[in-house]
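Engineer: Please find the sequence and the predicted model below.
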Amino acid sequence: MKNVSLMMVGTLRLLTRALTALSLVLVLTACGGGLAGGFNSYQSPDGRYAFLYPTGWTRVTVSGGPKVVFHDLINSDETLSLVVSEVGEDVELKELGSAEAVGARLMQEVIAPEGAGREVDLVDAKERKDSDHTFYDLEYTVHLQDRDRHEVATVVVDRGYLYTLAASTNESRWLKVQKIFERAITSFTFLI
């Protein structure tokens with residue numbers, strides 16, 4: 001009888017620990033807020049496109065720059081930005097070149113044009129299909145005089161416009177934010 005009571009007490013302790021752990025997971029998940037586990041959703045005012053950005057980031061306005069910019073409140077040099085450029089009504093992404101060619105062009109003309117004082121390496125360039133659109137997912141390392149940075153971007157064409165959603169951080173933080181940044185850029189979608 002004493003052994004049965006000890007077994008029941010042990011089982012109750014294990015059950016209590018399991019329920020406590022489950023409760024803690026549920027509380028932490030609820031406190032994370034946002035959408036999709038640590039993300040909030042941004043939708044363009046015209047309802048045309050949307051993407052996810054990390055919870056705790058804030059939108060900033062940049063005159064003459066990207067259409068949309070978010071940055072981390074704690075690590076303010078971590079950014080997510082959307083640039084929209086007109087390319088012509090009948091232009092398809094593949095007409096601009098392969099993922100590697102578009103990645104190299106973006107690198108030379110936007111990220112590190114001549115005289116910018118930056119060296120850039122295209123680490124990866126791949127094609128992805130999603131919702132009847134072709135996306136090019138790009139990854140760069142950017143070498144500045146005082147530090148190195150890491151950037152990922154996705155590029156897509158829709159109705160005569162080229163959309164480039166990019167996330168950037170210091171190289172020292174890349175491994176900590178890699179999955180978050182990749183989730184943000186691959187979340188870009190067209191709604192209409």
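Structural biologist: Perfect, I can see it now.
Engineer: what are the ranges of the strands in this protein?
Structural biologist: All strands of the chain, identified by DSSP state E, fall at 39-43, 49-54, 57-60, 68-72, 79-86, 119-130, 133-143, 148-158, 161-170, 189-190.
Engineer: out of the ones you listed, which comes closest to Q178?
Structural biologist: strand 148-158 (8.0 Å; Cβ to Cβ). The C-beta positions use only the backbone N, C-alpha and C, and glycine is treated the same way.
Engineer: Next, the angle from that closest one to strand 79-86.
Structural biologist: On the basis of axes from the mean of the first three to the mean of the last three Cα atoms, to 10 degrees, strand 148-158 is oriented at 40 degrees to strand 79-86.
Engineer: what's the neighbour count on H150?
Structural biologist: 21 (other Cβ atoms under 10 Å).
Engineer: Kindly report the same for V102.
Structural biologist: Counted with other Cβ under 10 Å, V102 comes out at 21.
Engineer: so what's it up against?
Structural biologist: 93, 96, 125, 136, 138, 155 (Cβ atoms under 8 Å, 6 or more residues apart in numbering).
Engineer: let's see it at 6 Å
Structural biologist: Shown in contact with V102 (Cβ atoms under 6 Å, 6 or more residues apart in numbering): 96, 136, 155.
Engineer: Could you do K67 as well?
Structural biologist: Contacts of K67 (Cβ under 6 Å, 6+ apart): 82, 84.
Engineer: Would you reformat the strands of the chain as JSON lines and include distance to E100?
Structural biologist: As requested, these are exported to JSON lines (distance: least, Cβ to Cβ, whole Å):
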{"stretch": "strand 39-43", "distance to E100": "29"}
{"stretch": "strand 49-54", "distance to E100": "24"}
{"stretch": "strand 57-60", "distance to E100": "30"}
{"stretch": "strand 68-72", "distance to E100": "26"}
{"stretch": "strand 79-86", "distance to E100": "20"}
{"stretch": "strand 119-130", "distance to E100": "5"}
{"stretch": "strand 133-143", "distance to E100": "9"}
{"stretch": "strand 148-158", "distance to E100": "12"}
{"stretch": "strand 161-170", "distance to E100": "16"}
{"stretch": "strand 189-190", "distance to E100": "24"}
